[in-house]
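Participant: Here you go, sequence then predicted model.
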Amino acid sequence: MFDWLREMLTYSFIARALLVGLIVSLAAALLGVSLVLKRYSMIGDGLSHVGFGALAVAMALGAAPLAFTIPVVVLAALLLLRLSESSKIKGDAAIGMIATAALALGVMVLSMARGANADISSYLFGSVLVMSREDVILSLLLGGAVLVLFILFYRRIFTVTFDEAFARATGLPAGLYNTLIAVLTAITIVLGMRLMGAMLISSLIIFPALTAMRLCKSFLAVTLTAALVSLVSFFTGMSLSYLLATPAGASVVLVNAAFFLLFSLAARLKNRVRAGS
Amino acid sequence: MPLISVKNAAFAYDGQVVLSGVSFDVQTGDYLCVVGENGSGKSTLMKGLLRLVNPVRGSVTLNSDLAQDEIGYLPQQNLTQRDFPASVREVVESGIRGRRLFLSRQDRQLAQEKMKLLEIEHLAQRSFMELSGGQRQRVLLARALCATRKLLLLDEPTAGLDPVVARELYKTIEAINHEQGIAIIMVTHDVHTAALFASHILHLQQTPLFYGAPDEYLNTYHGQCFAGGVCDV
């Protein structure tokens, strides 16, 4: 019955993509809970666009893709965070501006460097073919670091996410934790971007958190459920993509969307049962 | 030595001085109510006391025994928390400070005691967003008490509560002040209650109009005016 699974894993590029994808899905889901609750989901979306632009420039320059893109996106994360915290500038509009400008730059650089549209499509919507051995090692190291930092600072991340005013007033450096989350998000997005596509990667941040919030009422339950939903969605999406020959990134996003609908339906039923009893 | 000592402090916002000439001391066990209209500088003073903004003139000095992470704070109600998935226990425990990354058994014990004190033990597993306004404030008060043994800062704690629930909350705050000896600094619109419970009243209108005992305050022009009498400010 699981012959297809064994068969799928014999393709080393799929095995690599699965490994990287699962760790990215997990990290994105954990960070996503905090980002969505702080109304920062736009940052994730903006960063993926900046990532696309940076990746295109790295390709054109012949630089190592991750080594070039990660610092650029981390810097962009710090900038976007400041923009969304600032009350003077319209933060969401500013993020939209930077994101589309970076996207346009990426498209321009790619078309000048290669003149091939097929490549642009794989950057925008992802490809399972791109992971090298070095990419896998770097992804595992950085993804692992994201997970460890999240677990170590879980309590403080909750405190800052729930009530920044209280956190600051009682001596917690809230700005530092916001920065930590933004930097970890930037790294996670870059790691997952080539696999999922620049247009689709932010779904890994947004969907699991929102799905978990349909049913769960405590932060811990939301966090754990989001992590589980994200892992299951990614694995299911990749498997469907292999079995049905559909695009990997889009398959994962649609499975995530299906889970969201399922959880929403379950929440409705639960409310109705409660109202009826 | 006072817990907090404010000496001729002035605060600015965007380069504009919004509050000036403020001086007062808060001692252990004091109960100070800060009253005044909207825009009178109450919130700015609160931020100054929390050391989130520095005075442009004068000084705000904390007692050397009072570290920044020993001030309990109940912020103004915040709309985003109304749809935040968190259990009551999670919220209360988030008040615990200290260097440790994870909670110890004593920490959990402390949170449990504060929940008992505020009579919300039975709500521990409930979702914070499903609570009533009064219950929510009790949860946030328990969280603030986890953070301090000496000083509580409360920003409009009864805003939006119905009068009966507000009264219960005031009684609880008074009990905390009396029985635990925790000093209270409270920003409020409610002068009558302030006069009933406070040991000191500070009336702000960009600058202090009055600072002293409640019964004195009610005899002043500003006190009578703000407490609902006829006046022509």
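Facilitator: Great, that's in hand.
Participant: what comes up buried for the top helix by length along chain B?
Facilitator: The longest helix of chain B (DSSP state H) is helix B:163-180. Residues B:165, B:166, B:168, B:169, B:170, B:172, B:173, B:174, B:176, B:177 are the ones in helix B:163-180 that count as buried (16 or more other CB atoms under 10 Å in any protein chain shown). From N, CA and C alone the C-beta is placed, and that goes for glycine too.
Participant: just the CA coordinates of that helix, formatted as PDB?
Facilitator: Taking Å, rounded to 0.1, in the frame of the first residue of the first chain, the C-alpha atoms of helix B:163-180 are listed here in PDB:
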ATOM      1  CA  PRO B 163     -20.900  49.800  38.000                       C
ATOM      2  CA  VAL B 164     -21.400  46.700  40.200                       C
ATOM      3  CA  VAL B 165     -18.400  44.900  38.600                       C
ATOM      4  CA  ALA B 166     -16.300  48.000  38.800                       C
ATOM      5  CA  ARG B 167     -17.100  48.300  42.500                       C
ATOM      6  CA  GLU B 168     -16.000  44.700  43.200                       C
ATOM      7  CA  LEU B 169     -12.800  45.400  41.400                       C
ATOM      8  CA  TYR B 170     -12.100  48.500  43.400                       C
ATOM      9  CA  LYS B 171     -12.700  46.500  46.600                       C
ATOM     10  CA  THR B 172     -10.200  43.900  45.400                       C
ATOM     11  CA  ILE B 173      -7.600  46.500  44.600                       C
ATOM     12  CA  GLU B 174      -8.100  48.100  48.100                       C
ATOM     13  CA  ALA B 175      -7.700  44.700  49.700                       C
ATOM     14  CA  ILE B 176      -4.500  44.200  47.800                       C
ATOM     15  CA  ASN B 177      -3.300  47.600  49.000                       C
ATOM     16  CA  HIS B 178      -4.300  47.000  52.600                       C
ATOM     17  CA  GLU B 179      -3.500  43.300  53.200                       C
ATOM     18  CA  GLN B 180      -0.400  42.900  51.000                       C
END
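Participant: Which residues does it contact?
Facilitator: The contact list for helix B:163-180 (CB atoms under 8 Å, 6 or more residues apart in numbering or on different chains) reads B:29, B:31, B:117-118, B:132-134, B:137-138, B:141, B:145, B:149, B:152, B:154, B:157-158, B:161, B:182-184, B:186, B:190, B:193, B:196-197.
Participant: how about the helices in chain B?
Facilitator: B:42-49, B:88-93, B:105-117, B:133-147, B:163-180, B:191-197, B:214-219, B:221-226.
Participant: near chain A, anything from the fourth one?
Facilitator: Translated: helix B:133-147. Yes: counting by CB under 8 Å from any CB of the partner chain, chain A has neighbours in helix B:133-147: B:140, B:143, B:144, B:147.
Participant: what are the bridge partners for the residue nearest the centre of chain B, then?
Facilitator: Compute the mean C-alpha point of chain B, and by CA atoms, centre = their mean the closest residue is residue B:154, 1.4 Å away. Beta-bridge pairing for residue B:154 (DSSP bridges): residue B:74, residue B:186.
Participant: which one of the helices of chain B is the most hemmed in?
Facilitator: Mean neighbour count (mean count of other CB atoms under 10 Å in any protein chain shown) peaks for helix B:88-93 among the helices of chain B, with a mean of 26.
Participant: what's that helix packed up against?
Facilitator: helix A:154-162, helix B:105-117, helix B:133-147 (3 or more CB pairs under 8 Å, 6 or more residues apart in numbering or on different chains; DSSP states H and E).
Participant: sorry, back to before: tabulate the residues of helix B:133-147 next to chain A (CSV), appending pLDDT.
Facilitator: Output for those, formatted as CSV (pLDDT from 0 to 100):
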residue, pLDDT
B:140, 94
B:143, 94
B:144, 94
B:147, 90
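Participant: between the helices of chain B, which gets nearest to residue A:7?
Facilitator: Closest approach to residue A:7 among these (CB to CB): helix B:88-93, 44.6 Å.
Participant: export that closest one as CSV, just CAs?
Facilitator: Included here for helix B:88-93 are C-alpha records, laid out as CSV according to Å, rounded to 0.1, in the frame of the first residue of the first chain:
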residue,chain,number,x,y,z
VAL,B,88,-6.3,32.1,31.9
ARG,B,89,-3.4,30.2,33.4
GLU,B,90,-1.1,31.1,30.5
VAL,B,91,-2.0,34.8,30.8
VAL,B,92,-1.4,34.8,34.6
GLU,B,93,1.8,32.9,34.4
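Participant: Show the subsequent helix or strand relative to the lowest-mean-pLDDT helix or strand in chain A.
Facilitator: When each helix and strand of chain A is scored by mean pLDDT, DSSP states H and E, helix A:117-125 comes last, with a mean of 72. Next helix or strand after helix A:117-125 toward the C-terminus (DSSP states H and E): helix A:133-152.
Participant: So residue A:190 is in contact with residue A:66, correct?
Facilitator: Yes: between residue A:190 and residue A:66 there is a contact under CB atoms under 8 Å: 6.5 Å.
Participant: Please enumerate the helices of chain A.
Facilitator: A:3-10, A:12-37, A:41-61, A:65-85, A:91-113, A:117-125, A:133-152, A:154-162, A:164-169, A:174-196, A:202-215, A:219-244, A:248-276.
Participant: can you tell me which of the ones you listed the model trusts least?
Facilitator: Note on those: lowest mean pLDDT is at helix A:117-125, with a mean of 72.
Participant: quick one: low-confidence ranges for chain B?
Facilitator: B:68-69, B:79-80, B:227-233 (pLDDT under 70).
Participant: What parts of it come near chain A?
Facilitator: Counting by CB under 8 Å from any CB, chain B sits next to chain A at B:50, B:52, B:67-69, B:71-73, B:75-76, B:78, B:80-81, B:84-87, B:90-91, B:93-95, B:97, B:101-103, B:127, B:129-130, B:140, B:143-144, B:147, B:153.
Participant: repeat that with 7 Å
Facilitator: Counting by CB under 7 Å from any CB of the partner chain, the positions of chain B adjacent to chain A are B:50, B:52, B:68-69, B:71, B:73, B:75, B:78, B:81, B:84-87, B:90-91, B:94, B:97, B:101-102, B:127, B:147.
Participant: Could you pick out the buried ones from those?
Facilitator: By 16+ other CB under 10 Å, the residues of chain B next to chain A give B:50, B:71, B:73, B:75, B:81, B:84-87, B:90-91, B:94, B:97, B:127, B:147 as buried.
Participant: about what we covered before: can I get the helices of chain B in a markdown table with distance to residue A:269?
Facilitator: Shown next, in a markdown table, are these (distance: least, CB to CB, whole Å):
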| stretch | distance to residue A:269 |
| --- | --- |
| helix B:42-49 | 44 |
| helix B:88-93 | 25 |
| helix B:105-117 | 32 |
| helix B:133-147 | 27 |
| helix B:163-180 | 33 |
| helix B:191-197 | 45 |
| helix B:214-219 | 55 |
| helix B:221-226 | 53 |
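Participant: Could you say which one of those comes nearest to residue A:171?
Facilitator: Using CB to CB, the helices of chain B put helix B:133-147 closest to residue A:171, at 8.7 Å.
Participant: how big is the angle separating the closest one from helix A:154-162?
Facilitator: 140 degrees (axes from the mean of the first three to the mean of the last three CA atoms, to 10 degrees).
Participant: Cheers, nothing more for now.
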